[in-house]
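**Student:** The following comprises the amino acid sequence and a computationally predicted model.
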Amino acid sequence: MSSHLRISASALIVTGALALPAAASAGVPTAVKAVQVHTDRADTALDRAVSLFARSNDRAARIAYARSRREMGLATAAAAKARRQAGTADEQAQAAFAQVLLGVEQGQNVEKLAAALLKADGADENKIAAAARADTKGRDKSISILTVLLGEVPEQAKTGIARAIAALAQDRDDETRAEVKALVSSKVSDANKRRTAATIKASIDGQDRAADTLAALIASPDMPAESKQGLQTAYDAVTAEHGSVADILSRLSDRMPAFVRAFVKKIVTQARTDAQGMRENHPTGPPAGTPGGRPAGTPGGPPSGTPSGTPSGPPSDAPSGPPVGIPIVPPVPAGLPAGP
């Protein structure tokens, strides 16, 4: 996830797309501010940890990494507190902004953590691989939370939240490239190659659910018309990225060890199948002549060569979020071979 998404999240406030009203109780703005502070600190600490690991300054890198995970845990707790304390529609909009900040940071972390795998080793490498998977799932949980909050915020906040959901659902190519480098590197342990492959699958699964969410929002009469075109653009981007991820994995799968290659090939098949389904069930978008829709008199439907339709509704479940503090290394996920 590129850094422009972090800027875009803050821009939602500046433009009023996701306004923070002054009439809310003190508790919610305090929690939102805490999320801002903790995600900023987490971002800075992780950048420092990655740099120190690259210079083989492992002791200092561990300290910076631990601080990054601690700050992410505090940010996650503060975002949950904002949701608990939100009692009005305006406060729900503030809680949504806190979740946007958290989700954007989780997305940024994934690429950095994948890159750090090439520089760390031993217990450090294990913790980093676990954190990458936790933040991948956490980002998709943020999408699910924001989707729920859409039904509870003022009308003027819905377009901004829709933009945030669209941003979190896409822009994952770079993190996949970083993860593939870990899969083909001789410096990354076999166990963490398995965990990294499972992280890629978690992202594919989450992005597929996000596509269903985007399609449901496009079809929803409760969404502002001006949000529909952006949602449709995001749906198309998610479809394209599924194909791109499949291509990246397929191109380099022969360089991966045999024990993980078979699992990666299943991910490739899944990504291509999902992308085909997205194309075949492409949402039609807003009617011609409406705000956010195509100009009146122009042909409708998806881009050239893409069939149209209506995908299924929003996701029925959400992955669990990242643990507070330094993550505990999970067991090798089901479906991956136990060894070479």
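**Tutor:** Received, thanks.

**Student:** so which strand or helix has the residue positioned nearest the centre of the chain?
**Tutor:** By CA atoms, centre = their mean, the chain has its centre lying nearest to Arg139, at 3.9 Å. Element membership of Arg139 [criterion: DSSP states H and E] is helix 122-149.

**Student:** Pull out the CA atoms of the helix or strand just after that helix and give them to me as CSV.
**Tutor:** Counting by DSSP H and E, the next helix or strand C-terminal to helix 122-149 is helix 155-169. Presented in CSV, the C-alpha positions along helix 155-169 are these (Å, rounded to 0.1, in the frame of the first residue of the first chain):
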residue,chain,number,x,y,z
GLU,A,155,-25.4,11.2,5.0
GLN,A,156,-22.6,13.7,4.4
ALA,A,157,-20.0,11.3,5.9
LYS,A,158,-21.0,8.3,3.7
THR,A,159,-19.1,9.3,0.6
GLY,A,160,-15.8,9.8,2.6
ILE,A,161,-16.2,6.4,4.2
ALA,A,162,-16.9,4.8,0.8
ARG,A,163,-13.7,6.3,-0.5
ALA,A,164,-11.8,4.9,2.4
ILE,A,165,-13.2,1.4,1.9
ALA,A,166,-12.3,1.7,-1.8
ALA,A,167,-8.8,2.7,-1.0
LEU,A,168,-8.2,-0.1,1.6
ALA,A,169,-9.5,-2.7,-0.9
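
**Student:** Give me the next element, helix or strand, following helix 155-169.
**Tutor:** Heading C-terminal from helix 155-169 (DSSP H and E), you reach helix 173-184.

**Student:** list the buried ones in the helix or strand that that next one is followed by?
**Tutor:** The C-terminal neighbour of helix 173-184 among helices and strands, as given by DSSP H and E, is helix 190-219. Buried residues in helix 190-219, counted by 16 or more other CB atoms under 10 Å: 191-219. Any C-beta I mention is one placed from the backbone N, CA and C, and that applies to glycine too.

**Student:** before we move on, back to that, helix 190-219 and the helix holding Arg139, what's the angle between them?
**Tutor:** Interaxial angle, helix 122-149 versus helix 190-219 (axes from the mean of the first three to the mean of the last three CA atoms, to 10 degrees): 10 degrees.

**Student:** Which strands and helices lie in contact with helix 122-149?
**Tutor:** Counting by 3 or more CB pairs under 8 Å, 6 or more residues apart in numbering; DSSP states H and E, the packing neighbours recorded for helix 122-149 are helix 58-85, helix 89-116, helix 155-169, helix 190-219.

**Student:** what mean pLDDT does that helix have?
**Tutor:** Here helix 122-149 scores 97 as its mean pLDDT.

**Student:** buried residues in that helix?
**Tutor:** Applying 16+ other CB under 10 Å to helix 122-149 flags 124-147, 149 as buried.

**Student:** how far does it sit from the chain's center?
**Tutor:** With CA atoms, centre = their mean, to the nearest Å as the basis, helix 122-149 stands 8 Å off its chain's centre.

**Student:** tell me the secondary structure for Asp222?
**Tutor:** coil (DSSP: H, G, I helix; E, B strand; the rest coil).

**Student:** The nearest residue to it once chain neighbours are set aside: neighbour count?
**Tutor:** Spatial nearest neighbour of Asp222, chain neighbours left out: Gly151 (7.5 Å); criterion: CB to CB, 6 or more residues apart in numbering. Using other CB atoms under 10 Å, the number of residues around Gly151 comes to 10.

**Student:** Distance of Gly151 relative to Gln85?
**Tutor:** To Gln85, Gly151 is 18 Å away according to CB to CB, to the nearest Å.

**Student:** next one: Val37
**Tutor:** 17 Å.

**Student:** The residue nearest to the centre of the chain contacts Gly107, correct?
**Tutor:** Yes. Assessed by CB atoms under 8 Å, Arg139 is found in contact with Gly107 at 4.8 Å.

**Student:** what touches both of the two?
**Tutor:** Leu168 (CB atoms under 8 Å, 6 or more residues apart in numbering).

**Student:** Could you verify my assumption that Ala79 touches Val100?
**Tutor:** No. Judged on CB under 8 Å, Ala79 makes no contact with Val100 at a distance of 9.3 Å.

**Student:** Compare the two (neighbour count), which wins?
**Tutor:** Legend: neighbour count by other CB under 10 Å for Ala79 and Val100, higher for Val100 (31 against 28).
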